[in-house]
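**Q** Predicted model and sequence below, questions to follow.
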Amino acid sequence: MSTVNTVFLSGFRNIVEEKLDLSPHLNVFSGKNGSGKTSVLEALYVLSCGRSFRATKLDSVINVTSGEATVFAEFDTGARLGLTRQKAGKHSLKLSGEKQVNWEAAARTIPTQVIDANSFVLLEGGPKFRRQFLDWGAFHVELGFVNSWRALKKCLANRNLLLKRDAKDSAEIKIWTEKFAAAAVDVDRARSAYFEGFRENFYSVYSDLDPSLAERLELSYSRGWPDQDHLLDVLSASFEGDCRYGATQNGPHRADLLFRIGRDLAKETLSRGQQKILVCALKIAQGRCFSESVERPCLYLVDDLPNELDGDNRAKVLKKLMELNAQIVVTCVDSNDLPYSLAEGHKVSLFHMEHGTILS
Ligand SMILES: Nc1ncnc2c1ncn2[C@@H]1O[C@H](COP(=O)(O)OP(=O)(O)OP(=O)(O)O)[C@@H](O)[C@H]1O
Ligand SMILES: [Mg+2]
């Protein structure tokens with residue numbers, strides 16, 4: 001199991017400089033609003049993928065009085081991952097001293113699942129968010145997915161460019177259409193394979209968290225073009241429309257996950273708390289698929305776990321998270337809001353924050 005032993009933060013939001021020794025199991029950050037709890041989770045997330053889960057501009061994480069933000073983590077494996085972000089988009093990412101040109105190695109070193117207020121986009125947001133969720137799993141579990149996905153992106157961009165240029169009859173568009181269809185089949189194959197395993201894990205987790213809804217909820221994967229048709233036939237039939245829009249209307253870039261209860265979408269019938277439980281089930285199932293395949297758990301960052309959940313559901317969600325045997329970093333305003341009895345046998349580290357400083 002690869003876990004984060006130590007995190008060093010400097011110039012990150014309201015945290016001037018802190019060193020944290022994390023438990024390999026449950027870590028709880030408590031404190032008043034604005035004390036810096038979410039910033040700790042955000043720092044770990046930024047280190048894992050180069051993005052924030054709450055800000056579009058990464059510059060906003062740099063402390064207003066500092067020129068740069070640094071996050072550095074040491075793992076039980078001995079690996080060291082460090083990121084320094086300077087204003088105006090400059091950054092330096094190093095894995096055990098070696099400069100990294102992209103986030104692929106970091107994502108594999110610190111695979112992370114986040115549960116926070118933004119996670120509701122999985123139900124309420126557009127298909128893009130559900131595709132990102134599915135692709136996180138396919139990236140980690142399905143060999144070769146990342147190459148197929150990159151090829152697909154390139155072919156789609158080239159085909160759309162030619163559609164926009166009104167190069168309808170060019171031999172070039174034919175070539176890019178064929179390449180696009182080939183990459184599409186590879187991406188769909190990997191996503192479908194991942195989805196099959198994911199679905200099973202999802203129902204197993206969700207039935208424990210919310211048995212009556214699990215019986216009624218239907219989760220399905222829609223690949224982005226009709227199930228019974230070949231993509232090349234679909235592209236040929238929709239060619240005039242694609243030219244008119246200047247964009248390809250069918251393909252894996254239109255894939256989606258659907259959550260239905262009877263004829264309604266889950267987001268239209270579930271209460272906020274029920275939605276949170278569903279989101280937790282999705283994220284926990286994702287972590288299960290990951291550890292079954294990669295044979296180590298991923299890191300869980302759970303922002304404000306108690307929020308929107310009643311006492312029973314807090315306990316159920318925490319129990320399911322603890323069963324993953326993963327490293328978990330949780331925030332809450334009041335540390336008494338969590339049922340620690342569930343963590344028996346696991347090492348729990350409590351951190352209390354005030355004004356960006358860790359007091360205990
Ligand atoms: N770039 C920055 N430089 C300095 N301070 C910042 C910066 N960005 C945000 N802050 C402040 O840092 C604090 C970080 O807030 P954070 O969201 O981590 O708090 P929190 O403990 O999670 O609060 P809540 O309980 O309300 O969710 C806030 O007080 C915020 O105003
Ligand atoms: Mg917060």
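**A** Arrived safely. Everything numeric here is computed off the predicted structure, so don't read it as measured data. Numbering: from 1, shown residues only. Ligands and ions are numbered 1, 2, ... in the order given.
**Q** Give the closest residue to Leu20 in space, chain neighbours not counted.
**A** Val7 (4.6 Å; C-beta to C-beta, 6 or more residues apart in numbering). C-beta here means a position set from N, CA and C on the backbone, and glycine is covered the same way.
**Q** Read off the pLDDT value for the residue of the stretch 201-350 of the chain found nearest ligand 1.
**A** As assessed by C-beta to the nearest ligand atom, ligand 1 sits closest to Val333 within the stretch 201-350 of the chain, at 5.5 Å. On pLDDT, Val333 comes in at 96.
**Q** With the one 4 residues further on instead?
**A** Model confidence at Asp337, given as pLDDT, is 89.
**Q** Make sure Glu68 is actually in contact with Lys87.
**A** Yes: counting by C-beta atoms under 8 Å, Glu68 touches Lys87, with 7.4 Å between them.
**Q** what touches both of those two?
**A** Common neighbours of Glu68 and Lys87, using C-beta atoms under 8 Å, 6 or more residues apart in numbering, are Ile62.
**Q** When these two are compared, which one has more neighbours?
**A** Glu68 (16 against 12; other C-beta atoms under 10 Å).
**Q** From ligand 1, how far off is the nearest residue to the more buried one once chain neighbours are set aside?
**A** Take Glu68 and drop its neighbours on the chain: the residue closest to it by C-beta to C-beta, 6+ apart is Gln86, 4.5 Å away. To ligand 1, Gln86 is 13 Å away according to C-beta to the nearest ligand atom, to the nearest Å.
**Q** picking up where we left off before, quick one, phi psi at the residue of the stretch 201-350 of the chain closest to ligand 1?
**A** For Val333, the backbone dihedrals (degrees, to the nearest 10) come out as phi -70, psi -50.
**Q** Is it in contact with Asn33, as I believe?
**A** Yes: look at Val333 against Asn33 with C-beta under 8 Å: they come within range, at 7.0 Å.
**Q** And those two? Which one has more around it.
**A** Val333 (15 against 6).
**Q** What residues sit buried inside the longest helix seen in the chain?
**A** Longest helix in the chain by number of residues (criterion: DSSP state H): helix 171-209. Going by neighbour count (16 or more other C-beta atoms under 10 Å), the buried part of helix 171-209 is 173, 176-177, 179-181, 183-191, 194-195, 197-199, 201-203, 205-206, 209.
**Q** and if you look at stretch 159-170?
**A** Neighbour count says stretch 159-170 has 159-160, 162-163 buried, by 16+ other C-beta under 10 Å.
**Q** quick check, nearest of those to ligand 1?
**A** Asn160 (36.9 Å).
**Q** Now do the closest one against Asp334, distance only.
**A** 51 Å (C-beta to C-beta, to the nearest Å).
**Q** what's the answer for Val141, then?
**A** For Val141, the distance to Asp334 equals 37 Å [C-beta to C-beta].
**Q** What of Phe198?
**A** For Phe198, the distance to Asp334 - C-beta to C-beta - is 34 Å.
**Q** in the stretch 101-250 of the chain, what residue is nearest ligand 1?
**A** Taking C-beta to the nearest ligand atom, the stretch 101-250 of the chain has Ala117 as its residue nearest ligand 1, at 8.9 Å.
**Q** quick one: contacts for that residue?
**A** With C-beta under 8 Å, 6+ apart, Ala117 has these contacts: 303-304, 307.
**Q** one more time with 10 Å, if that's ok
**A** By C-beta atoms under 10 Å, 6 or more residues apart in numbering, the contact list for Ala117 reads 38, 53-54, 276, 303-304, 307-308.
**Q** all helices for this protein, in order.
**A** Secondary structure of the chain, counting by DSSP H: helices at 37-49, 104-109, 121-124, 127-141, 145-164, 171-209, 211-216, 231-237, 239-245, 266-269, 272-294, 311-323.
**Q** Make TSV from these and add distance to Ser96 to it.
**A** Shown next, in TSV, are those (distance: least, C-beta to C-beta, whole Å):
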stretch	distance to Ser96
helix 37-49	14
helix 104-109	9
helix 121-124	34
helix 127-141	20
helix 145-164	21
helix 171-209	29
helix 211-216	43
helix 231-237	42
helix 239-245	46
helix 266-269	43
helix 272-294	19
helix 311-323	29
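**Q** Output those helices in JSON lines, with distance to ligand 1 and mean pLDDT appended to each entry.
**A** Listed next are those as JSON lines, based on distance: least, C-beta to the nearest ligand atom, whole Å; pLDDT from 0 to 100:
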{"stretch": "helix 37-49", "distance to ligand 1": "3", "mean pLDDT": "97"}
{"stretch": "helix 104-109", "distance to ligand 1": "22", "mean pLDDT": "91"}
{"stretch": "helix 121-124", "distance to ligand 1": "18", "mean pLDDT": "96"}
{"stretch": "helix 127-141", "distance to ligand 1": "21", "mean pLDDT": "96"}
{"stretch": "helix 145-164", "distance to ligand 1": "32", "mean pLDDT": "96"}
{"stretch": "helix 171-209", "distance to ligand 1": "24", "mean pLDDT": "97"}
{"stretch": "helix 211-216", "distance to ligand 1": "28", "mean pLDDT": "96"}
{"stretch": "helix 231-237", "distance to ligand 1": "44", "mean pLDDT": "97"}
{"stretch": "helix 239-245", "distance to ligand 1": "40", "mean pLDDT": "93"}
{"stretch": "helix 266-269", "distance to ligand 1": "24", "mean pLDDT": "94"}
{"stretch": "helix 272-294", "distance to ligand 1": "16", "mean pLDDT": "96"}
{"stretch": "helix 311-323", "distance to ligand 1": "17", "mean pLDDT": "95"}
